[in-house]
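K.L.:
this one's sequence-less:
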């Protein structure tokens, strides 16, 4: 009489084990597929005529895979046009410059339209400049043409705590800026020359990209932000709208049919993008913008 319950219990245990192994097998298959997609970079451009879209979001830094994907797109005959979808407050000057140059290479061979989302400021505006058409929402925050270098100085606080740093340098400007002592007049002047040179590069990009008189470009390059409507009046944006208007302009002006499929450039796997976005947002916000000494940046920072 006891055999049947024992047999049923054994069968249940066996089913649970089989279910566990089946689940692990399914997860392994999906994991292998995801790994293969990641290793391949997901940066291949599908065949067949299409319009390519490059999402530019978050903090802009130099990304070799994006630059390579854009260079491939420039020579790919199946890519009829490129839409740059921007939602970014900016990034490093070097990152914005690299992406600007790559987009300019694409624009030499194919139509490029920049579509601004909620924010396209500073380096986020810089990457729109190579486009043949720049479109923004009425409420888009854009502009903020300028360069920022930040540091902090806690020498007074350290003195109160009885802490005296010992710093050895090879020259009087090597530790400028430094958290351990105030900027010297010589150090401030040297850093201001660097910022001035970088700002001049940015202004030149604006003048060339918007076909604007350099003096006028200098006027709007004082760091202020504009709404989309204000940016049209300032000559920084061409039209109000979104991707629908971008496709309509491409069809009317560049004979790129609206019926062509729109495909995103993907250079990273889903998991990698999620982890990278979360980590980058935290680290950049906490260390680069609040606490640390960073490279010169073209980034919009609202007053705190």
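P.N.:
Good, I have the coordinates. Not measured: the values here are computed from a predicted model. Numbering: from 1, shown residues only.
K.L.:
so in terms of bridging, what pairs with residue 84?
P.N.:
residue 54, residue 114 (DSSP bridges).
K.L.:
hang on, it packs against residue 117?
P.N.:
No. Assessed by CB atoms under 8 Å, residue 84 is found out of contact with residue 117, at 10.9 Å. Quick note: C-beta positions are derived from backbone N, CA and C, even for glycine.
K.L.:
neighbour count winner among those two?
P.N.:
Under the criterion of other CB atoms under 10 Å, the comparison of residue 84 against residue 117 puts residue 84 first, with 26 against 19.
K.L.:
now the helices for the protein?
P.N.:
3-40, 64-75, 93-107, 123-126, 155-160, 185-209, 214-220, 228-234, 243-254, 270-283 (DSSP state H).
K.L.:
what does the third one contact?
P.N.:
Spelled out, that is helix 93-107. 54, 56, 60-63, 66-67, 70-71, 73-74, 82, 84, 90, 112, 122-124, 126-127, 129-132, 147, 198, 201-202, 205, 295-298 (CB atoms under 8 Å, 6 or more residues apart in numbering).
K.L.:
again, 7 Å this time
P.N.:
Outside helix 93-107, the residues within contact range by CB atoms under 7 Å, 6 or more residues apart in numbering are 60-62, 67, 70-71, 73-74, 82, 84, 112, 123, 126-127, 129-132, 147, 198, 205, 295-298.
K.L.:
of those, buried ones?
P.N.:
60-61, 67, 70, 73-74, 82, 84, 112, 123, 126-127, 129-132, 147, 198, 205, 296-298 (16 or more other CB atoms under 10 Å).
K.L.:
ok, residue 207 to residue 214 distance?
P.N.:
Distance of residue 207 to residue 214, given as CB to CB, to the nearest Å: 5 Å.
K.L.:
okay, those two: which has more neighbours?
P.N.:
Set residue 207 next to residue 214 and count neighbours by other CB under 10 Å: residue 207 wins out with 18 against 14.
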